[in-house]
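Chemist: need coordinates for the below:
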Amino acid sequence: MPFCPDCRIEYRPGFTICPDCHKHLVDELPEAPLPEGSQEPNYTEDWIPLAQFGTQAYAAIIEDGFKSLEIPVTLLSSTGHFGQIGAMGTAFLPIAGAYIILVPREDVERADREGVAMLGDVWRSSRLADHD
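Modeler: Now for the predicted structure:
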């Protein structure tokens, strides 16, 4: 599948130019540069995959909610890392796939309680592990 090297959106075969960025599409994405002064995320046993959503909307609700509560959170997508260094697609063309919420081990219980408070049964059914 071709990708835009600028906005990093994936296109169906047959497309050769990104209609938004006007860049020629490439077969493989180069590694995304990190913003100046930042570090590559390190997903070790200290970061726990807590829940998985099939839609961007629920993942964004949780990510924004956790950030507002000062719970460290990282969102992974089936197409890569989409935290501070990436994009989640456009409003009319969101990137589809699995969205995984990760939090530091020490924040799992609080994040799980807040996830239930935000999304109720949607959160419960999206958990990757039972943390009750």
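
Chemist: pull the helix or strand with minimum mean pLDDT from the chain.
Modeler: When the helices and strands of the chain are compared on mean pLDDT, DSSP states H and E, strand 80-81 comes out lowest with a mean of 47.

Chemist: now do the same contact list for residue 53.
Modeler: By Cβ atoms under 8 Å, 6 or more residues apart in numbering, residue 53 lies in contact with 59, 62, 98-99, 101, 126. Just so you know, the C-beta spots here come from the backbone N, C-alpha and C atoms, and that holds for glycine as well.

Chemist: just checking, next helix/strand downstream of the least confident helix or strand of the chain?
Modeler: Later in the chain than strand 80-81, the nearest helix or strand by DSSP states H and E is strand 99-104.

Chemist: got a list of contacts for that next one?
Modeler: Around strand 99-104, the neighbours that count as contacts under Cβ under 8 Å, 6+ apart are 43, 46-56, 58-59, 62-63, 66, 71-78, 111, 115, 128.

Chemist: which of the residues you listed are buried, as a PyMOL select command?
Modeler: To isolate the buried subset of the contacts of strand 99-104 in PyMOL, counting by 16 or more other Cβ atoms under 10 Å, use the following:
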select buried, resi 47+48+50+51+52+53+56+58+59+62+63+66+71+73+74+75+76+77+111+115
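
Chemist: the contacts of strand 99-104 in helices, which ones?
Modeler: Judged by DSSP state H, the subset of these located in helices is 56, 58-59, 62-63, 66, 111, 115.

Chemist: now render these as TSV, adding pLDDT and distance to residue 21.
Modeler: As requested, those are exported to TSV (pLDDT from 0 to 100; distance: Cβ to Cβ, whole Å):
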residue	pLDDT	distance to residue 21
56	82	20
58	90	28
59	89	24
62	93	29
63	92	25
66	95	31
111	95	35
115	94	35
